[in-house]
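Colleague: need coordinates for the below:
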Amino acid sequence: MKLLTVILSLFLFANTVSAAPFNAKVKTKRIPAGTEFQLKLTNSLSTYNAQGTEFSAILMNEQSNDSDVILPMGSLVRGTIKKVEAPKRFSKGAILYLDFDHVVTPNGRQLPLSMSVIGRTDLTYDGGIAGSKGYKEALGENWQKTKDITSTATEWGGDVFDDVPVADQLMTGVGAIGGAIGGGAYYAYDFFADMIRKGKNVNLNKGDILKVILVDPVDVPVI
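Modeller: Below you'll find the model as predicted:
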């Protein structure tokens with residue numbers, strides 16, 4: 001009886017040892033750092049949301065290597081709002097920081113990710129998305145509005161008496177002067193208003209496409 005027990009134990013041990021290497025062999029493919037992804041947001045995000053708010057996005061560009069599909073289009077990426085900075089005076093906008101946490105692979109595994117948003121003109125030096133960049137940007141927008149006011153008033157003056165040459169030139173001049181006065185008044189008002197006005201909030205809509213770059217490589221089990 002004892003001999004039978006020993007033999008059975010040895011048999012089970014041998015099976016366990018021989019099976020271990022087989023189970024450990026998992027085929028993986030690496031997505032290198034620097035790879036660009038396009039993600040489509042499945043819910044809206046803004047700087048009105050609190051830190052820690054969860055979000056998800058769908059991978060829009062398939063990741064493949066040779067004949068293997070590493071991550072198919074439609075793979076789900078999840079993340080949270082890492083930090084929110086409120087808007088400040090001098091037209092300095094709010095800032096939204098996103099943390100991309102993991103991707104769900106086709107076999108259901110959740111793999112950690114490290115990603116950064118790229119390709120936007122509203123990015124801060126440390127990777128946040130800004131609602132507005134401050135007083136200098138606000139002044140530039142005000143100056144453009146001032147030029148639009150002057151241009152519109154000038155065109156209006158010329159259109160009033162379009163068929164009467166002398167009157168047309170006169171009214172064009174009157175419109176230009178009026179536009180310059182009105183545009184100048186608008187610029188002067190906003191010049192001071194933007195000093196005390198808070199900047200804009202960040203709003204990302206459901207369906208918006210975010211371009212991101214992979215910071216660290218990730219090894220993905222393939223089917």
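Colleague: give me the next element, helix or strand, following the lowest-mean-pLDDT helix or strand in the chain.
Modeller: Across the helices and strands of the chain, the lowest-confidence element by mean pLDDT, DSSP states H and E is helix 2-24, at a mean of 43. For helix 2-24, the following helix or strand on the C-terminal side (DSSP states H and E) is strand 28-31.
Colleague: counting contacts, what elements does that following strand pack onto?
Modeller: Packing partners of strand 28-31 (3 or more CB pairs under 8 Å, 6 or more residues apart in numbering; DSSP states H and E): strand 68-71, strand 218-221. C-beta: built from backbone N, CA, C; applies to glycine.
Colleague: I'd like those strands laid out as a markdown table, including mean pLDDT and distance to L96.
Modeller: Output for the helices and strands packed on strand 28-31, formatted as a markdown table (pLDDT from 0 to 100; distance: least, CB to CB, whole Å):
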| stretch | mean pLDDT | distance to L96 |
| --- | --- | --- |
| strand 68-71 | 80 | 25 |
| strand 218-221 | 84 | 24 |
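Colleague: which one of the ones you listed lies nearest to V84?
Modeller: V84 sits nearest to strand 218-221 of all the helices and strands packed on strand 28-31, at 27.0 Å, using CB to CB.
Colleague: show residues contacting the closest one.
Modeller: For strand 218-221, the surrounding residues in contact (CB atoms under 8 Å, 6 or more residues apart in numbering) are 26-31, 63, 70-71, 103, 105, 107, 109, 111-113.
Colleague: drop anything exposed from those.
Modeller: 29, 31, 63, 70-71, 103, 105, 113 (16 or more other CB atoms under 10 Å).
Colleague: now, which of the residues you listed sits nearest T42?
Modeller: V103 (13.7 Å).
Colleague: residues contacting R78?
Modeller: R78 makes contacts with 54-57, 100-104, as judged by CB under 8 Å, 6+ apart.
Colleague: relative to L71, how far out is it?
Modeller: Counting by CB to CB, to the nearest Å, the separation of R78 from L71 is 14 Å.
Colleague: again, but for Y48
Modeller: 32 Å.
Colleague: wait, H102 sits on S114?
Modeller: No. The pair H102 and S114 does not pass the contact test of CB atoms under 8 Å, sitting 10.2 Å apart.
Colleague: ramachandran angles for L76?
Modeller: Here is the backbone geometry of L76 (degrees, to the nearest 10): phi -90, psi 130.
Colleague: could you give the bridge partners of it?
Modeller: I58, V104 (DSSP bridges).
Colleague: right, and it touches V104 too?
Modeller: Yes. Using CB under 8 Å, L76 is in contact with V104, at 4.5 Å.
Colleague: picking up where we left off before, just name the closest of the contacts of R78 to P87, please.
Modeller: Using CB to CB, F55 comes nearest to P87 of the contacts of R78, at 20.9 Å.
Colleague: could you pull up phi and psi at that closest one?
Modeller: Dihedral angles (degrees, to the nearest 10) for F55: phi -150, psi 170.
Colleague: just to revisit the earlier point, from the buried ones among the contacts of strand 218-221, which is closest to P87?
Modeller: For the buried ones among the contacts of strand 218-221, the nearest to P87 is L113 (29.2 Å; CB to CB).
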